[in-house]
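Enquirer: Model the structure of this input:
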Amino acid sequence: MTSTAVHSLLDVALAYRAAGRSVLPIAPGCKKPSTVHATTGEVQDLAWKRYQTQRPTEVQIRSWFGGEALMGLGMACGPVSGVQIDAVQYALEVLDVDETESLDQLVEAAHWQGRGELLARLLHQRTPGGAGHFAYLCQEWAGNTILAKRPGGPGEPKAVTLIETRGAGGQVVVAPTPPGIHPEHPERGYELVRGSWEDIPLITPDERQTLWELARSCNAYVAPTQVHTARGGSRPRANGERPGDTLNERANRDWWQSLLERHGWTLVHQRGDVDYWQRPGKDGKAWSATLGACGSYLYVFSANAAPFEPERAYQPFGAYALLEHGGNFKAAAKALAPPRQRQNGHRRTPTAPPSDQDTPEVPLRERFRVDDTGVWYTPPVDKEGHQPADVWVCAPSGSWPPRVTWRTITTGTSWSSQTAMAIRSNGRCLSSFWRSSGNTARSCGVWGWS
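Expert: Purely as a prediction, here's the structure:
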């Protein structure tokens with residue numbers, strides 16, 4: 001590194017400090033605060049916690065950048081690198097985009113939503129990896145926050161971060177850090193595309209929220225813990241045994257569109273297989289959720305999209321239960337269940353099962369139902385695929401047919417029931433019988449005509 005370049009970086013570091021920034025040294029091959037030993041050339045990590053709350057002195061900066069070693073320039077984020085205006089504190093936050101594809105998607109989303117002007121106001125620097133940083137000062141801030149991920153590929157972690165913020169407690173490497181510093185791309189340095197680290201633009205909290213939602217719209221990964229499930233219930237199974245499972249398997253983009261539009265959502269944009277949805281009450285073209293970006297889930301990132309929660313993923317059944325049944329999963333499942341063949345004594349037209357697939361056997365306990373007229377039994381589908389009519393069993397009081405004898409058919413069945421049921425057909429009558437403890441059966445038998 002030439003003497004001119006050394007002094008140039010030192011001068012820049014001092015200028016940044018004079019502008020209110022907390023500057024930090026970055027050694028070759030590093031992205032975190034570090035120094036190079038003057039004698040041995042050994043790279044040493046820098047204990048920099050103190051510089052998260054107070055700027056280094058000029059003497060300290062000269063000791064870091066005044067030698068002959070190649071160095072890069074870092075900056076602590078948060079209030080320490082911010083400003084006070086009319087007694088209001090503004091802190092430095094940086095939107096860190098790690099991949100060029102995500103950068104393109106972010107810029108495209110901003111322009112589509114009419115937010116291109118906001119993005120153009122921010123300081124923008126190109127990182128050696130080809131993506132970039134967008135910096136701003138705001139009176140609202142947070143610590144480092146991951147906003148978007150994607151599933152990892154071979155040799156990568158399970159989830160790869162695409163966009164995150166650097167805020168209080170974080171730091172970034174900044175221009176004019178020269179080539180030879182970045183560990184993965186030492187052939188390139190950090191370059192300012194627009195703006196200056198000495199004069200970082202101010203944005204409002206609402207504009208900050210817009211930027212964060214733009215970044216979150218690029219998310220393509222949800223962890224299992226982010227998937228919405230029924231409170232107090234088990235996670236949905238994928239075997240199609242329940243109405244909700246069937247809906248999760250069969251719902252398509254048209255189904256989602258019908259559901260969401262009934263509840264005031266608007267489809268504002270499509271990008272390949274991804275649909276972008278806007279919550280009710282939101283103006284313009286900004287979106288609040290994506291469908292298809294994170295697999296088959298509806299991924300909601302808006303904080304104002306009740307009953308949905310931000311940064312949560314929803315399967316069709318979960319969204320249906322929330323929107324149509326106020327979050328009552330039991331009521332939602334009941335509404336989705338196929339109608340009974342007979343209710344209140346009125347026969348319904350049977351529906352033959354598909355001829356190209358086997359009809360799954362229905363457990364015996366699920367063939368009984370109770371209404372105001374008594375207990376009813378639904379026989380199995382016959383060999384021709386026809387559904388026989390329901391059979392009346394007994395009165396609601398559970399009264400028994402006369403002249404019955406007891407014979408055991410099975411024992412130990414753990415059915416949950418509050419009544420004994422009988423089947424009357426072709427001159428014979430059978431009924432299931434439970435000896436129960438609470439609502440759980442302890443033994444089982446069958447009654448029959450003598």
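Enquirer: Map the structural domains onto the sequence of this protein.
Expert: Annotated domains of the chain cover 3-216, 224-228+247-336, 364-449 [automatic domain parsing].
Enquirer: Including mean neighbour count, could those domains go into JSON lines?
Expert: The way it works is simple: take the backbone N, C-alpha and C, and place the C-beta from them, glycine included. Putting those into JSON lines (neighbours: other Cβ atoms under 10 Å) gives the following:
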{"stretch": "domain 3-216", "mean neighbour count": "18"}
{"stretch": "domain 224-228+247-336", "mean neighbour count": "17"}
{"stretch": "domain 364-449", "mean neighbour count": "14"}
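Enquirer: mean pLDDT lowest for which of those domains?
Expert: Among the domains of the chain, domain 364-449 carries the lowest mean pLDDT, at a mean of 47.
Enquirer: quick one, helices of the stretch 101-250 of the chain?
Expert: 116-121, 205-216, 243-250 (DSSP state H, counting those that start in this stretch).
Enquirer: Pipe the ones you listed into a markdown table and attach distance to residue 274 per row.
Expert: Shown next, in a markdown table, are the helices of the stretch 101-250 of the chain (distance: least, Cβ to Cβ, whole Å):
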| stretch | distance to residue 274 |
| --- | --- |
| helix 116-121 | 20 |
| helix 205-216 | 14 |
| helix 243-250 | 19 |
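Enquirer: Quick one: closest of those to residue 193.
Expert: Nearest of the helices of the stretch 101-250 of the chain to residue 193, taken as Cβ to Cβ: helix 116-121 at 10.6 Å.
Enquirer: just checking, what packs against that closest one?
Expert: When contacts are defined as 3 or more Cβ pairs under 8 Å, 6 or more residues apart in numbering; DSSP states H and E, helix 116-121 sits against helix 100-112, helix 205-216.
Enquirer: possible to save these as CSV with distance to residue 55?
Expert: Compiled in CSV, those are given as follows (distance: least, Cβ to Cβ, whole Å):
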stretch, distance to residue 55
helix 100-112, 30
helix 205-216, 24
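Enquirer: Identify whichever of the ones you listed lies nearest to residue 71.
Expert: Residue 71 lies closest to helix 100-112 among the helices and strands packed on helix 116-121, at 26.8 Å (Cβ to Cβ).
Enquirer: My reading is that residue 23 lies in a strand. Confirm?
Expert: Yes - looking at residue 23 with DSSP: H, G, I helix; E, B strand; the rest coil, it is inside a strand.
Enquirer: Give the bridge partners for it, please.
Expert: Bridge pairing for residue 23 (DSSP bridges) gives the partners residue 75.
Enquirer: I figured it hits residue 72, correct?
Expert: No - at 10.8 Å, residue 23 does not count as touching residue 72 under the criterion of Cβ atoms under 8 Å.
Enquirer: Tell me which of the helices of the stretch 101-250 of the chain sits nearest to residue 39.
Expert: With Cβ to Cβ as the criterion, residue 39 lies closest to helix 205-216 of those, at 44.3 Å.
Enquirer: Now do that closest one: everything it contacts.
Expert: 93, 95, 97, 106, 109-110, 113, 115, 118-119, 134, 136, 138-140, 147-148, 163, 165, 203, 286, 288, 301-303, 311 (Cβ atoms under 8 Å, 6 or more residues apart in numbering).
Enquirer: Keeping just the C-alphas, turn that helix into CSV.
Expert: This file holds the C-alpha atoms of helix 205-216, laid out as CSV (Å, rounded to 0.1, in the frame of the first residue of the first chain):
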residue,chain,number,x,y,z
PRO,A,205,-40.2,6.1,10.9
ASP,A,206,-42.9,5.4,8.2
GLU,A,207,-40.3,5.4,5.5
ARG,A,208,-38.1,3.1,7.5
GLN,A,209,-41.1,0.7,7.9
THR,A,210,-41.6,0.8,4.1
LEU,A,211,-37.9,-0.1,3.5
TRP,A,212,-38.2,-3.0,6.0
GLU,A,213,-41.4,-4.3,4.3
LEU,A,214,-39.7,-4.1,0.9
ALA,A,215,-36.8,-6.2,2.2
ARG,A,216,-39.1,-8.7,3.9
